[in-house]
Structure formats: C-alpha cells, structure tokens
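A.B. asks: Sequence first, then the predicted structure:
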Amino acid sequence: GAVVSQHPSWVICKSGTSVKIECRSLDFQATTMFWYRQFPKQSLMLMATSNEGSKATYEQGVEKDKFLINHASLTLSTLTVTSAHPEDSSFYICSASNLGLAGGKFYEQYFGPGTRLTVT
Amino acid sequence: AQSVTQLDSQVPVFEEAPVELRCNYSSSVSVYLFWYVQYPNQGLQLLLKYLSGSTLVKGINGFEAEFNKSQTSFHLRKPSVHISDTAEYFCAVSDRFGNEKLTFGTGTRLTIIP
C-alpha cells in the first residue's frame, strides 16, 4: 500500500516551453503533497507543499510563477514548469502524505519515483 | 528550524563487512527521525523511523539505527552489507508539532566493494 506514481519518468523539452509533471497517490487519499527538487549528487530541496483544494505554499526562493502547482484532487497534484530553461533541468520528486496512514501519529511521506527533466 | 548533518559523503565498504552511516541533527524542538534510501534514478524508500519509545529502531533490509538524544545523533548501521545495498542514504528530520516538512541531510553514497 501507499504507492505514489509520477508521470512522465523523464522528459526532454526545448527552452521556453512548459512541461507538466503529474504526481498520483494510487491507493490512498493524500491530504498533502510535496514537491522536491534534487540536483545531481545533492540532497532533496523542498519546493512547495500543497493541500487539496488550496493554494500551494512555496519555500523561500522558489518562483511561484515559474513552478505552478495544482492539487486538484486527493489523489493528484501537478507541477508545471513554465518557460523552462536549461537551469531548470533537474530531478523532481513528489511525495504524498495522509495522517491516517500512520495511525494518526504523524504524517509519513510516501515518495514517487521521480521525473528527470532535461531542458535543451 | 532543524538541520541535518551527514558527515560522510561517500563510504566504501567491502561486501559482508559492517557499516555505520552517521547522522547528526540540530533542532530546538523534539523531532521525528528518518532514514531513506535512494537507488539510482529512483525516488526515496523509507528504511526506518524513530517516533518514540525504544531508541534502537529496526528497519527493512537488515538496517537499524539508534537515537541518541544527548549526542543528537541517529546513526544507521548494518552488520553485514550486500552488493544490493549500494545506494544513496539520506537522514531526515521533522518536528513533532504538526509540521510535516522533512529536512534532509546531504546524503551518503554507500558503495559496496565485492
């Protein structure tokens, strides 16, 4: 149980175009979803937190207008990288959580497999 | 705010030897502690977690970790490693007061030498 999928697993796009990444919780309802960015050989940096039906909360330094996050349902969140540039190339990972999955004790996050974005 | 320090960026270990990956954290409040493993080009998988109770926590794949409050450490150990343990290991913390955010360390690359 608690499986999270991401689509696509990798994508190549041209500079100036937009790309959308989907994150789905397959067998549970995710009250909260998180988007992370991981540079090569580095740790995960939280980009934003999204709750179903409300606006995402972005971390300091993350451009809201560039990284659009939509959490339209309890099983789907999307990250759209607008007007992508080569510096946006990275590994994007989402996670999903639901308090009830851990017996109400804490919010355990379940991670997707990641999406490799390459902007040429 | 919390921070996590993983002092070793790379750890090479011979197969069947024991290994310890170090993790120290800093926080002004009580925390939950986690170890995650990441295989190449994949997301993160939870190895184990410390919420409360016994300070020795056992996880999947034969790993265990010990929470030491006085030393603010949560080191990961395995008595005998296998080639399949080659991966990146991340230590993470979150606070206990409803904030779901995870703060990750910089990771330790574990390489198993045949």
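C.D. replies: Cool, got the structure. Model, not experiment: these values are computed from the prediction.

A.B. asks: what residues does chain A put near chain B?
C.D. replies: With CB under 8 Å from any CB of the partner chain as the criterion, chain A meets chain B at residues A:4, A:6, A:32, A:34, A:41-44, A:46, A:49, A:91, A:93, A:95, A:97, A:105-114, A:116. Glycine gets a C-beta too; all of them are placed from N, C-alpha and C.

A.B. asks: got a pLDDT number for A:F106?
C.D. replies: Listed pLDDT for A:F106 reads 61.

A.B. asks: one step back: separate out the buried members of the residues of chain A next to chain B.
C.D. replies: With neighbours counted by 16 or more other CB atoms under 10 Å in any protein chain shown, the residues of chain A next to chain B contain buried members at A:4, A:6, A:32, A:34, A:43-44, A:46, A:49, A:91, A:93, A:95, A:97, A:106-114.

A.B. asks: Let me see the backbone angles for A:P86.
C.D. replies: Phi and psi for A:P86, reported as degrees, to the nearest 10, are phi -50, psi -30.

A.B. asks: how near is the closest residue to it other than its chain neighbours to B:H82?
C.D. replies: In space, A:P86 comes closest to A:V119 once its chain neighbours are excluded; the distance is 4.9 Å by CB to CB, 6 or more residues apart in numbering or on different chains. For A:V119, the distance to B:H82 equals 38 Å [CB to CB, to the nearest Å].

A.B. asks: what about the residue nearest to A:P86, how many neighbours?
C.D. replies: 20 (other CB atoms under 10 Å in any protein chain shown).
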